[in-house]
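A.B. asks: missing the sequence, but the structure's below:
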């Protein structure tokens, strides 16, 4: 989701970045811009986007971004790829590769076509599931999703443990 930032003399007016960032990045960014360090007693999921804001970097500080619906891990984005193993809610807009005529509730539109893989470099609207074309990418992303989920399950509150 786009956001607007203004900081006269620091952020170039009219600058646009397409690098994916999260609302979780706000906390570490503010700490970074004020010269404060991150807390050392917990894992901070967000990353500082100060370099993006100041025009010093063009790429996202995230190797991957994970998507949740409440506490359910649904999918992830890494580079040009976006992968969903299952959406846990009814959602709009309905992807173009869903059923041709929406039913009255729309729920059946999501059907049984999971998982989903999108190549955002050629399909930024996430209209075409390319999992059949790139099964190796989907497998790699699914493995990363499972690893992330396992790590989160082992440390649900995100506090670092001392050896």
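C.D. replies: Sure, I can see it. All values derive from a computational prediction rather than experimental measurement.
A.B. asks: residue closest to the middle of this protein?
C.D. replies: Nearest to the mean C-alpha position of the chain, counting by Cα atoms, centre = their mean, stands residue 65 at 3.4 Å.
A.B. asks: would you map the strands across this structure?
C.D. replies: 65-69, 72-78, 81-84, 116-119 (DSSP state E).
A.B. asks: hmm, residue 74 and the residue nearest to the centre of the chain touching each other?
C.D. replies: No. With contact defined as Cβ atoms under 8 Å, residue 65 does not count as touching residue 74 (11.7 Å). Every residue, glycine included, has its C-beta placed from N, CA and C.
A.B. asks: next up, the contacts around residue 35.
C.D. replies: Going by Cβ atoms under 8 Å, 6 or more residues apart in numbering, residue 35 touches no other residue.
A.B. asks: give me the low-pLDDT residue ranges for the chain?
C.D. replies: 1-2, 88-112, 160-163 (pLDDT under 70).
A.B. asks: show me how it divides into domains.
C.D. replies: The chain breaks down by automatic domain parsing into domains covering 1-62, 65-154.
A.B. asks: so where do the helices sit in this structure?
C.D. replies: 26-33, 50-53, 135-154 (DSSP state H).
A.B. asks: residue 119 and residue 131 touch, don't they?
C.D. replies: No. Between residue 119 and residue 131 there is no contact under Cβ under 8 Å: 10.3 Å.
A.B. asks: mutual contacts of these two, please.
C.D. replies: Here residue 119 and residue 131 have no joint contacts, going by Cβ under 8 Å, 6+ apart.
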